[in-house]
Each structure stands twice: as C-alpha cells, then as structure tokens.
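K.L.:
how would this look folded up:
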Amino acid sequence: MPIPIRVRGCSSPVAAPLDSQRADALSDVYKALADPTRVQMVHMLKAATAPVCVCDFTAAFELSQPTVSHHLRKLRRAGLISSFKKGIWTFHSLADPLPEPARAVVELIP
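P.N.:
Numbering: from 1, shown residues only. Reported below is the predicted structural model:
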C-alpha cells in the first residue's frame, strides 16, 4: 500500500507570520529579559520613584560594576531603559515611553 503524501499545511489553519520587524522587536525584548538579574533590574526600575544609579544595582546584586553595566546595556539596546550621566555615575530608568513590544511584557513584572 503506498504511503500517502502529506499535503503541506492541511492539518489545521495557522495565523499568518508576524511582520519580520515586529518579530525581531519582540525577540529583542525577550532576549533582554532572559536573565533573572535583568528581570530584577526592570522590577526595581518599575518601582523606583527616581532614576537608579548603577552603584545601587552593584550593591543590590553584589555584582561587579562591569557585570551590572553589561546587563544594563542589554536592557538599553532592547529599548527597555534610558540612561544619563551625572558626574561619574550613570542613572537609569524605564524608557518613557516603553516601546510597544515591551509594554505588555513589563506589565507582567510585579
């Protein structure tokens, strides 16, 4: 008995693929939040009433300044945070406004 040839896409209808730019933007957000330390940082920034100094993150996580800066750079590149320098310190806050792909994800973080 011959094996039937499977017709491509016949099992069930699927949604059309996302626009590639939207898929890339979502992927960037998810990659940036794929580390527990970065999720904690977003949580802290979300709760903060003023921009947070890099030195505060260094103390909170007992991590070296280069490691903290690495995490913050990932969050900044994904559009989740904004930063500014004041003297020798850099201060961070959630991006305002948050990019559309990041809004719903950040809302899930308490």
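
K.L.:
Tell me the helices and strands packed up against the helix or strand where Thr58 lies.
P.N.:
Using DSSP states H and E, Thr58 sits within helix 54-61. When contacts are defined as 3 or more CB pairs under 8 Å, 6 or more residues apart in numbering; DSSP states H and E, helix 54-61 packs onto helix 36-47, helix 65-77, strand 89-94. Just so you know, the C-beta spots here come from the backbone N, C-alpha and C atoms, and that holds for glycine as well.

K.L.:
For the ones you listed, give me a markdown table that also has mean neighbour count.
P.N.:
Shown next, in a markdown table, are the helices and strands packed on helix 54-61 (neighbours: other CB atoms under 10 Å):
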| stretch | mean neighbour count |
| --- | --- |
| helix 36-47 | 16 |
| helix 65-77 | 16 |
| strand 89-94 | 18 |
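
K.L.:
need the ones you listed in CSV with mean pLDDT and distance to Asp28, can you?
P.N.:
Below are the helices and strands packed on helix 54-61 laid out as CSV (pLDDT from 0 to 100; distance: least, CB to CB, whole Å):
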stretch, mean pLDDT, distance to Asp28
helix 36-47, 96, 12
helix 65-77, 94, 7
strand 89-94, 94, 16
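
K.L.:
Out of the ones you listed, which gets nearest to Leu108?
P.N.:
Nearest to Leu108 among these is helix 36-47; the distance by CB to CB comes to 9.8 Å.

K.L.:
Could you list every helix and strand in contact with that closest one?
P.N.:
helix 54-61, helix 65-77, strand 81-86, strand 89-94.

K.L.:
Buried residues of the lowest-mean-pLDDT helix or strand in the chain, list them for me.
P.N.:
Within the chain, no helix or strand scores below helix 100-107, which has a mean of 86 by mean pLDDT, DSSP states H and E. Using 16 or more other CB atoms under 10 Å as the test for burial, helix 100-107 gives Pro101, Ala102, Val105, Val106.
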